[in-house]
Every structure is written in C-alpha cells, then in structure tokens.
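Sequence and predicted structure are below.
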Amino acid sequence: QQQVKQSPQSLIVQKGGIPIINCAYENTAFDYFPWYQQFPGKGPALLIAIRPDVSEKKEGRFTISFNKSAKQFSLHIMDSQPGDSATYFCAAITGGYQKVTFGTGTKLQVIP
Amino acid sequence: NAGVTQTPKFQVLKTGQSMTLQCAQDMNHEYMSWYRQDPGMGLRLIHYSVGAGITDQGEVPNGYNVSRSTTEDFPLRLLSAAPSQTSVYFCASSARVSGVRNTQYFGPGTRLTVL
C-alpha cells in the first residue's frame, strides 16, 4: 500500500511561478520528512527536510510547509527557474534504521 | 570521496539469467539500501542493511538476495531474472548517528532490462 501519497504526478509552470507539490501520510510514527530532487539519469539527492514539530522550513527558494494535524506537507519553489526542472519525491522516515518511504514523484517542468 | 558507486550502469539480461549489481561507498556509512524505481511508483525498498553481516527485507524483496560482508560493499543478486525486474536500481547509504536523521546518499543507478 502507498503510505505516502504525492500529487500532482506532473506539473508545468512558467519561469518565476511557484509550483506546489503536496504529500499526505497515514503513519504517525513517521518523524522526519525529506524532499529529494532527481535529474534525468541521476540518483535522487536530498533537497530539504523537516521535522513534524516545525510548521515551515525555508532553504533558499525551497520551502516546506507541514500540517501535523492533517498529516500533510508540501514543497513550494519560489521564483522557479528552468534549472529546477526535475522529478521531486517526498519521503517519510521512521525507525532506528531510518527506513525511508517515498512518494510516487512529481515531474516538474519550468518553461522559460 | 567517490560517494556511492554502482556498476554496471546498464545491463540487459535474458529471462532466467542471474547477475549481481555492485554497490560500494567510501563514507564509512553503516546503513545501506537497495531501491528499484519504476514509472509512477516512486522508489521502493528491496533490501537494506544496518551494518556488516546484518540485512533485512524491504517492501519488494522477492527475487533478490543481498549480503553485507564489509561496511563498504552491498551487492544485490538477481537469482533468476524476470521481465518484471526491468527497472532502474539505486543503492543508497547513510550514517548512523543516534537520535539524528541523516542524509541518504544515492548512487547513479543501474538500468536493467530483462528480455
């Protein structure tokens, strides 16, 4: 079963727009929520992450918003650029091993 | 540091053949994992290891074996390849620090096609 649901599957925005990618989870044992960015032909790379006791985290143009009561979190990309075109995965981590459950991914295209 | 390396980058197998995907890391990470990535399904955990000599199953372990004889290496074995195993395989590693969620570093992937 899909423990982390991600939407939309794909997204096209104009340069300068603010794409928003949403994720929802059910397992309240998750205690860390990273976002990964993946370019074609490459492995995923950590972009930004948040703990559930924080409602928002910003790193550069990337912002995570977290709603613990709704069990939802989202990624916002401010002033998006063509170089941001990639696939984005949300994820959730639990357990001493740091077992990672990934969302299904969102393919973002930023048009010049 | 080379980080996480995977070989080969591409592989074509016939149904029933066996092979080993290699993964190595030079960051002295205790945790290592294998994922497969399929369109529309994200990354799914196949097997993982919390240290040398210790492995466990992930979400989709059937048809795959792993072993961890050293901290650096974590090979993935396909016992009898099937077309359903056509996928991109990623190896990842992360450090083990008590009470801290650490970054998982991914290799560049192996694209496997089973005919």
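Noted; the coordinates are in hand.

So for the lengthiest strand in chain A, what gets flagged as buried?
Criterion DSSP state E: the longest strand present in chain A is strand A:86-94. Within strand A:86-94, the residues that count as buried by 16 or more other CB atoms under 10 Å in any protein chain shown are A:86-94. Any C-beta I mention is one placed from the backbone N, CA and C, and that applies to glycine too.

What of stretch A:56-65?
Neighbour counts over stretch A:56-65 (16+ other CB under 10 Å) mark A:57, A:62-65 as buried.

Farthest-apart pair in the residues you listed, please.
A:Phe62 and A:Ser65 (11.2 Å; CB to CB).

Quickly list what's touching both of those two.
The overlap between the contact sets of A:Phe62 and A:Ser65 (CB atoms under 8 Å, 6 or more residues apart in numbering or on different chains) consists of A:His76.

count of residues packed around A:Pro40?
For A:Pro40, the neighbour count with other CB atoms under 10 Å in any protein chain shown is 8.

swap in B:Arg68?
Using other CB under 10 Å, B:Arg68 is surrounded by 20 other residues.

Can you tell me the closest non-neighbouring residue to it?
Leaving aside its sequence neighbours, B:Arg68 sits nearest to B:Ser49 (CB to CB, 6 or more residues apart in numbering or on different chains; 4.2 Å).

And the one you found, how close does it get to A:Ile50?
For B:Ser49, the distance to A:Ile50 (CB to CB, to the nearest Å) stands at 27 Å.

With A:Ala24 instead?
Distance from A:Ala24 to A:Ile50, counting by CB to CB: 15 Å.

Chain B contacts on chain A?
Applying CB under 8 Å from any CB of the partner chain, we find that chain A lies next to chain B at A:6, A:9, A:31-32, A:34, A:41-46, A:49, A:51, A:89, A:93, A:97-105.
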